[in-house]
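*Asks:* pasting the structure only:
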């Protein structure tokens, strides 16, 4: 399968196979006017299979979302056809409006325009808890 | 400007200072009778409560201040759909400090993020109730002289009991505290709290047998086994009676045991125990008022 190389844009690489679509949707990539290539189950020496997303535009992606979904992702910044920066994504300390609290007793379910904020409380086990009610993110 | 939403926000030094102030209030009440003259406490109770609201109001009156507020959501603008944030901003224009109880977990935090005056969490659903923990701590301090080396029995609903979780979080910061968890299997302390205690090398014993645990205890913290938590009525009836504290069950208890209960009590402590010198739950109510006085002074920055 051949996909044209991008001139100026972003390649989100090393996405765990199967998680690409979730990232595509959380980053709202369907709203972009530029070319976006979504490659599912690409062969990978390191991972066996992986997903890749190529975006042919110089946009900023929310690395918090990427880190939360899959902290092993790499983000490559392409300028004039060259890979000028390779970013490793860390697990974000705080997530704002990425996930919603499922606790029916939490104030975030009823309070008008309250941002959904989750904090990383256990790095080892990747546990996020709601800022307001401390329920574990599901 | 400082609020109190979770007991963990207070450092050990701050807790010590609150305990010292409360003890000084007990010894010299007249010294404090005009400390908050001209100040107003707004009690915003979106859910009914007898003890906590009256305790806050009594605390403010004894400091020479005034109180305004409401005791149920239907008598506030919330009934018209007002947000917690807007209520907090509005009340900031009328009062100097807020005490808020709300059925939604996290509501007092949202209030504190929007108010321009300190907010005290007076209970948010099953989540936090820091001033109850302050009352518990003053009671333990006055009865035992300190917190180190105590064996603390927690009995009843350890799964949903917010007062139990807060008390454990407060006591785990002291040295060599041992926890004895006494509950039916269905209402055990959540695993994540137990695991984190064990990870920090705390001695934690778990049992369903209150009488067997009794001889070891310095503190017995009783809580109510709540009917609404059970799916099976028979199961509830079978379990609730095993945790009614009676004089017989105290036979093997230490002579200097302190019995605490956050109240309200339904039937889990026999009234026959009320006259036992080891019963501390009504002292705990009084101590709650003194700690709330100390807290109001601290948050208002009154010396």
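*Replies:* All right, it came through fine. These numbers come from a predicted model, not from an experiment.

*Asks:* got the phi/psi numbers for the residue of chain A positioned farthest from its centre?
*Replies:* No residue in chain A sits farther from the centre than residue A:105, which is 28.3 Å out by Cα atoms, centre = their mean. Note on residue A:105: backbone dihedrals following degrees, to the nearest 10 are phi -90, psi 0.

*Asks:* what's the answer for residue A:43, then?
*Replies:* With angles defined as degrees, to the nearest 10, residue A:43 sits at phi -70, psi 140.

*Asks:* and the gap between the residue nearest to it when sequence neighbours are not counted and residue A:10?
*Replies:* Spatial nearest neighbour of residue A:43, chain neighbours left out: residue A:49 (6.7 Å); criterion: Cβ to Cβ, 6 or more residues apart in numbering or on different chains. All C-beta atoms are positioned from the backbone trio N, CA, C, and that covers glycine. The gap separating residue A:49 from residue A:10 is 21 Å, by Cβ to Cβ, to the nearest Å.

*Asks:* who's more crowded, those two?
*Replies:* The neighbour comparison of residue A:49 against residue A:10 (other Cβ atoms under 10 Å in any protein chain shown) goes to residue A:10, with 22 against 12.

*Asks:* And for the closest residue to chain B within chain A, the neighbour number?
*Replies:* As assessed by Cβ to the nearest Cβ, chain B sits closest to residue A:132 within chain A, at 2.5 Å. Residue A:132 is flanked by 28 other residues according to other Cβ under 10 Å.

*Asks:* State the pLDDT value of the closest residue to residue B:161 other than its chain neighbours.
*Replies:* In this structure, residue B:161 finds its nearest non-sequential neighbour in residue B:223, 4.7 Å apart by Cβ to Cβ, 6+ apart. Model confidence at residue B:223, given as pLDDT, is 93.

*Asks:* What residues does chain B have near chain A?
*Replies:* Within chain B, the positions adjacent to chain A are B:83-85, B:102-107, B:109-110, B:124-127 by Cβ under 8 Å from any Cβ of the partner chain.

*Asks:* quick revisit: ok but the residue of chain A closest to chain B is inside a strand, no?
*Replies:* No: Residue A:132: not assigned to a strand; according to DSSP: H, G, I helix; E, B strand; the rest coil it is coil.

*Asks:* show me the contacts for it.
*Replies:* Residues in contact with residue A:132 (Cβ atoms under 8 Å, 6 or more residues apart in numbering or on different chains) are A:101, A:106, A:107, A:108, A:114, A:117, B:105, B:106, B:107, B:109, B:110.

*Asks:* Excluding sequence neighbours, find me the nearest residue to it.
*Replies:* Closest residue to residue A:132 apart from its sequence neighbours, by Cβ to Cβ, 6+ apart: residue B:106 at 2.5 Å.

*Asks:* now residue A:130
*Replies:* Nearest residue to residue A:130, sequence neighbours excluded (Cβ to Cβ, 6+ apart): residue A:101, at 4.3 Å.

*Asks:* low-scoring stretches of the chain, by residue?
*Replies:* All of this refers to chain A. Residues of chain A meeting the criterion pLDDT under 70: A:1-4.

*Asks:* hmm, I had chain B in mind actually
*Replies:* Along chain B, segments meeting pLDDT under 70 span B:75-80, B:228-230, B:242.

*Asks:* 80 instead, please
*Replies:* B:73-81, B:225-231, B:235-236, B:238-242 (pLDDT under 80).

*Asks:* Which parts of it are helices?
*Replies:* Under the criterion DSSP state H, chain B contains helices at B:12-27, B:51-62, B:84-92, B:107-114, B:130-144, B:162-171, B:191-199, B:210-213, B:233-240, B:281-300.

*Asks:* related to what we said a few turns ago, so the residue farthest from the centre of chain A is in contact with residue B:126, correct?
*Replies:* Yes: applying Cβ atoms under 8 Å, one finds residue A:105 in contact with residue B:126, separated by 7.0 Å.

*Asks:* Common neighbours of those two, please.
*Replies:* residue B:105.

*Asks:* Can you get me the start-to-end distance on stretch B:93-110?
*Replies:* End-to-end distance of stretch B:93-110 (Cα to Cα, to the nearest Å): 17 Å.

*Asks:* nope, stretch B:218-238 is what I meant
*Replies:* First residue to last in stretch B:218-238 (Cα to Cα) measures 27 Å.

*Asks:* in stretch A:72-87, what counts as buried?
*Replies:* Neighbour-count burial for stretch A:72-87 flags A:73, A:75, A:76, A:78 (criterion: 16 or more other Cβ atoms under 10 Å in any protein chain shown).

*Asks:* ok, back up a step: and the residue nearest to residue B:161, how many neighbours?
*Replies:* Applying other Cβ under 10 Å, we find 25 residues neighbouring residue B:223.

*Asks:* list the contacts for residue A:68?
*Replies:* Residues near residue A:68 by Cβ under 8 Å, 6+ apart: A:91, A:92, A:95, A:98, A:99, A:128.

*Asks:* of these, closest to residue B:250?
*Replies:* Nearest to residue B:250 among the contacts of residue A:68: residue A:128, at 44.6 Å, using Cβ to Cβ.

*Asks:* and that closest one, backbone torsions?
*Replies:* According to degrees, to the nearest 10, residue A:128 has phi -110, psi 140.

*Asks:* Could you chop the chain up by domain?
*Replies:* The chain I'm using is chain A. Taking automatic domain parsing as the criterion, chain A consists of the domains A:9-88, A:94-130.

*Asks:* try again with chain B
*Replies:* For chain B, the structural domains run B:7-128+B:288-300, B:131-284, going by automatic domain parsing.
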